[in-house]
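>>> here is my input; please provide its structure:
(one chain, ligands or ions: 1)
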Amino acid sequence: MKNITLADGRKITVHCLSCAIVEGTVQPNGGTIYETKFFHAHQDVAYPIRGLVILASKRHIKCLDELTEEELNDYIHTLHLIRKAQRKVLGIEQVYYFYNEDTTHHFHTWMVPRYDWMYQFGRSIESVRPVLLHARRKRNYKDEIEKIIEAIHALKNYLNTSN
Ligand SMILES: [Zn+2]
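Below you'll find the model as predicted:
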């Protein structure tokens, strides 16, 4: 089991956070953004960044090569669709994508939008951890959370009506 502190201060204990979110035992901020037969999209529960979307598989697998052909098609199309929504609805110009297979959770891709405030931490991969921690420590306030929730609703609306 793993102890996790969520951005809103809730402390939870889960076997696999991705399973808990996909199954609905842990509610991410703003709820489900988008769902397909094989994937589940939601706001990151630990780091408050507007438009940061996590795309998790519904199946408890760890590695990309474990995806079936059908899941793989669904994955790339869903990733592409969410990226379009981030640009169209939130004006997000650039996104960093992350996935590591040695996770304690299961298969999930982080779609981390880049904002001007992030460049104080540099570019590329080395900036990501400081950016996430900064968001959690310094940008975890009411106005910012409200913007994040608004962004989730905008994404949801776009993704669930225009397709
Ligand atoms: Zn899992």
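>>> can we go C-alpha only for contacts and neighbour counts from here?
OK.
>>> which residues touch Pro48?
Residues near Pro48 by C-alpha atoms under 8 Å, 6 or more residues apart in numbering: 7, 132, 135-136, 139-140, 145, 148.
>>> out of the residues you listed, flag the one nearest to the ion.
Ala7 (20.2 Å; C-alpha to the ion).
>>> can you tell me the SS state at that closest one?
coil (DSSP: H, G, I helix; E, B strand; the rest coil).
>>> roughly how far apart are the closest residue in space to it that isn't next to it in sequence and His134?
Spatially, and ignoring its direct neighbours in sequence, Ala7 is nearest to Ala46 (4.4 Å; C-alpha to C-alpha, 6 or more residues apart in numbering). Here Ala46 is placed at a distance of 12 Å from His134 (C-alpha to C-alpha, to the nearest Å).
>>> pLDDT at Val89, what is it?
The per-residue pLDDT reported for Val89 equals 97.
>>> residues in contact with the helix or strand harbouring it?
Using DSSP states H and E, Val89 falls within helix 69-90. Helix 69-90 is contacted from outside by 36, 38-39, 51, 55, 92-93, 151, 154-155, 158-159, using C-alpha under 8 Å, 6+ apart.
>>> let's see 7 Å
38, 51, 92-93, 151, 154-155, 158-159 (C-alpha atoms under 7 Å, 6 or more residues apart in numbering).
>>> and these as JSON lines, adding neighbour count, secondary structure and pLDDT?
Below are the contacts of helix 69-90 laid out as JSON lines (neighbours: other C-alpha atoms under 10 Å; DSSP: H, G, I helix; E, B strand; the rest coil; pLDDT from 0 to 100):
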{"residue": "Phe38", "neighbour count": "17", "secondary structure": "coil", "pLDDT": "98"}
{"residue": "Gly51", "neighbour count": "31", "secondary structure": "coil", "pLDDT": "96"}
{"residue": "Ile92", "neighbour count": "18", "secondary structure": "coil", "pLDDT": "98"}
{"residue": "Glu93", "neighbour count": "12", "secondary structure": "coil", "pLDDT": "97"}
{"residue": "Ala151", "neighbour count": "21", "secondary structure": "helix", "pLDDT": "96"}
{"residue": "Ala154", "neighbour count": "17", "secondary structure": "helix", "pLDDT": "96"}
{"residue": "Leu155", "neighbour count": "23", "secondary structure": "helix", "pLDDT": "97"}
{"residue": "Tyr158", "neighbour count": "19", "secondary structure": "helix", "pLDDT": "96"}
{"residue": "Leu159", "neighbour count": "20", "secondary structure": "helix", "pLDDT": "96"}
